[in-house]
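Turn this into a model:
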Amino acid sequence: MSCKKVFPKTSLKKVDVLAAEGAINVGCYNVGGKLIPALNSVSKICDTEAEAHAAWYAANIKKYVLYAGKYAYTFDETVSESTRSGMNAVQPTFIETVYSGSNAAFLVGDSAYCVITAVKNTNRPFRFGMHGSVLKNGRFFSLDNADPLKIHWSGEKGMEDRVSGISGAGWAIVQYGYGEILNLIVYKDKLVAVREFGLTFLSAYGTPENYKLSYLEQQLPKIYKNTAAVVCGRLVFYTEDGLYFYDGNKAEKCSLALAEEMQDPTALSCKDEKYFLCGKSKTLGRRAVLVYDAKLNSTYLIDFPADAIAAGERLLTYSGLAECELKTGGEFSFTSGEIDFSSTGAKVLKEVILKGAKNAKIEVSNGVISRIVGGVRGKFRPNLRGECFKITVCGSEKISGVLAVAEVMDGV
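Numbers count the residues shown, from 1 in each chain. Predicted coordinates for the structure are as follows:
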């Protein structure tokens, strides 16, 4: 009598690593089945005199503006020399406008505003107890410092025109139920009051007697202050539930990867259909920048602890006392979500196949054991046993695809 060993039948299964849920991509786009290098290289420019509170770029006069240590600093694209103007601003407001017939920008503080032109900066008094100003149809709309539901508007003669009247300055109170007003945003033909739990609209045409308030009849997750911006025809903002879009009819949550990645967002800038949000990354466990690219409909992280960001011809970021520039380049990384090859039980990860990679690094893990190899040009054969795996790919050039092949048991 002889005993015959019986081995379970196996088969090879192949999965697209880039399509696995729960992935995180740093410094690269994961779009169209490819990893494409994005902003990820940091170059330090100089040290600042104080930590940055906020930063902006005025496209109409091609100047950067930094508010740090009770001073406003302005400088051009060369970032070589700056002009400093003293002012107090607990909630500084930045507006691009026209002043005395020329392009200008206003930085509005607690009791003064700085008029920034191509040639000089001038401080003017502003003691009206307002903040968060925006410009629409020749009037400045602002939020009241004392009443979180009150919107002010100026007369037609400029920021300091606060003479009340039917055709002059005035105010409106929004209804309760959606929380305090966080920011004012001009979106298409309306002024949007971004509130804690919703959106309120002010139709401001002609004279104030024709102004009208309306409301988005949709309760939203709690919205973070200073996260709203218009990007590629939609109002984008960040909530406790993640990134949201408003298209003029309804607000919907972003379905892209990393849409829920940020905690405690603190600063925002936009440029060329890209939305840059500073905050804490849940996955990385440290401060980073979330990028939403509306043109590519994709998101990625920049692993840099930015306190403020200004997106102009150059992307300037501030961390502590360091002023830096972010550029495309450097090593990016992609880490998949857990991959189980749609099969329970143990299996063997036989191969990781990279398409188009010239010199990549791959790490595979089964949750207990990790294997790392560098200089991969095509295939890596880890022969790693486990129930599910995470795969990390690092590189600096485009990778056209990442596939994983496992030997999976079919049965006994």
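
Give me the three-state assignment for Glu209.
helix (DSSP: H, G, I helix; E, B strand; the rest coil).

count of residues packed around it?
Per other C-beta atoms under 10 Å, the neighbour tally for Glu209 reads 8. Glycine gets a C-beta too; all of them are placed from N, C-alpha and C.

Spatially nearest residue to it (excluding sequence neighbours)?
Ile166 (5.5 Å; C-beta to C-beta, 6 or more residues apart in numbering).

how about the one you found, phi and psi?
Here is the backbone geometry of Ile166 (degrees, to the nearest 10): phi -60, psi -40.

so what's it up against?
Thr207, Pro208, Glu209 (C-beta atoms under 8 Å, 6 or more residues apart in numbering).

CSV for those residues, including pLDDT?
Output for the contacts of Ile166, formatted as CSV (pLDDT from 0 to 100):
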residue, pLDDT
Thr207, 85
Pro208, 90
Glu209, 87
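
Between those, which sits nearest Ile302?
Pro208 (43.1 Å; C-beta to C-beta).

quick one, phi psi at the nearest residue to the closest one once chain neighbours are set aside?
Distance criterion C-beta to C-beta, 6+ apart; nearest residue to Pro208, sequence neighbours excluded, is Gly170 at 4.8 Å. Phi and psi for Gly170, reported as degrees, to the nearest 10, are phi -170, psi -170.

repeat for Val17
phi -60, psi -40.

distance of the residue lying closest to it once chain neighbours are set aside from Ser164?
Spatial nearest neighbour of Val17, excluding adjacent residues (C-beta to C-beta, 6+ apart): Val402 at 4.1 Å. When distance is defined by C-beta to C-beta, to the nearest Å, Val402 is 64 Å away from Ser164.

So those two - more neighbours on which side?
Of the pair Val402 and Ser164, Val402 is the one with more neighbours under other C-beta under 10 Å, namely 27 against 10.

need the contact list for the more buried one.
Contacts of Val402 by C-beta under 8 Å, 6+ apart are Asp16, Val17, Leu18, Leu35, Phe334, Val352, Ile353, Leu354, Lys355, Ile391, Val393.

coming back round to it: so what pairs up with the residue nearest to Pro208 in the strands?
Gly170 forms beta bridges with Trp153, as assigned by DSSP bridges.

surely it meets Arg162?
No - when contacts are counted by C-beta atoms under 8 Å, Gly170 is not listed as touching Arg162 (9.6 Å).

Mutual contacts of these two, please.
His152.

if I pick Ser154, what's in contact with it?
By C-beta under 8 Å, 6+ apart, Ser154 lies in contact with Arg139, Phe140, Phe141, Ser142, Glu160, Asp161, Arg162, Ala169.

Apart from its chain neighbours, what residue comes closest to it?
In this structure, Ser154 finds its nearest non-sequential neighbour in Phe140, 4.3 Å apart by C-beta to C-beta, 6+ apart.

Would you mind giving both backbone torsions of that neighbour?
phi -100, psi 120.

Counting neighbours, what do you get for it?
Neighbour count for Phe140, taken as other C-beta under 10 Å: 25.

Ok, Val163 next?
Other residues close to Val163 by other C-beta under 10 Å number 10.

Also the one 5 residues further on?
Burial of Gly168, expressed as a neighbour count using other C-beta under 10 Å, amounts to 17.

Quick check: nearest residue in space to it, chain neighbours excluded?
The shortest distance from Gly168 to any non-neighbouring residue, by C-beta to C-beta, 6+ apart, is to Gly155 (4.2 Å).

Can you tell me how far that neighbour is from Ala310?
31 Å.

Kindly report the same for Leu12.
Leu12 sits 51 Å away from Ala310, going by C-beta to C-beta.

These two: which is more packed in?
Higher neighbour count among Leu12 and Ala310: Ala310, with 25 against 12, using other C-beta under 10 Å.

Make sure I have this right: the more buried one is in a helix.
No - under three-state DSSP, Ala310 falls outside any helix and is assigned strand.

so who does it touch?
Counted by C-beta under 8 Å, 6+ apart, Ala310 has contacts Ala55, Trp56, Tyr57, Tyr64, Val65, Leu66, Ser269, Leu316, Thr317.

count of neighbours near the fifth one?
Yep, that's Val65 we're talking about. Residues near Val65, counting by other C-beta under 10 Å: 25.

element containing it?
strand 63-68 (DSSP states H and E).

Report all helices and strands that the very next helix or strand once past that strand contacts.
Next helix or strand after strand 63-68 toward the C-terminus (DSSP H and E): strand 71-75. With contacts taken as 3 or more C-beta pairs under 8 Å, 6 or more residues apart in numbering; DSSP states H and E, strand 71-75 sits against strand 63-68, strand 83-86, strand 112-116.

So what are the sheet partners of the longest one and their directions?
Yep, that's strand 63-68 we're talking about. Strand 63-68 has its sheet partners listed here by DSSP bridges as strand 52-58 (antiparallel), strand 71-75 (antiparallel).

can you pull the alpha-carbon coordinates of it into PDB?
C-alpha atoms of strand 63-68 as PDB (Å, rounded to 0.1, in the frame of the first residue of the first chain):
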ATOM      1  CA  LYS A  63       4.100  90.200  -6.900                       C
ATOM      2  CA  TYR A  64       4.200  87.800  -4.000                       C
ATOM      3  CA  VAL A  65       2.900  89.000  -0.600                       C
ATOM      4  CA  LEU A  66       3.900  87.400   2.700                       C
ATOM      5  CA  TYR A  67       2.500  88.300   6.100                       C
ATOM      6  CA  ALA A  68       4.800  87.400   8.900                       C
END
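
Ser336 contacts Val17, doesn't it?
Yes - in this structure, Ser336 is within contact of Val17 by C-beta under 8 Å, at 5.0 Å.

what's the overlap in contacts for the two?
With C-beta under 8 Å, 6+ apart as the test, Ser336 and Val17 both reach Ile391.

filter the contacts of Val402 to the buried ones?
Among those, the ones that count as buried by 16 or more other C-beta atoms under 10 Å are Val17, Leu18, Leu35, Phe334, Val352, Ile353, Leu354, Ile391, Val393.

Give me the spatial nearest neighbour of Glu351, chain neighbours excluded.
Val405 (4.3 Å).

Name the residues linked to that neighbour by a beta bridge.
Under the criterion used (DSSP bridges), Val405 bridges to Lys14, Glu351.

what's around it, how many residues?
18.

got a list of what it touches?
Leu12, Lys13, Lys14, Leu349, Lys350, Glu351, Val352, Ile353.
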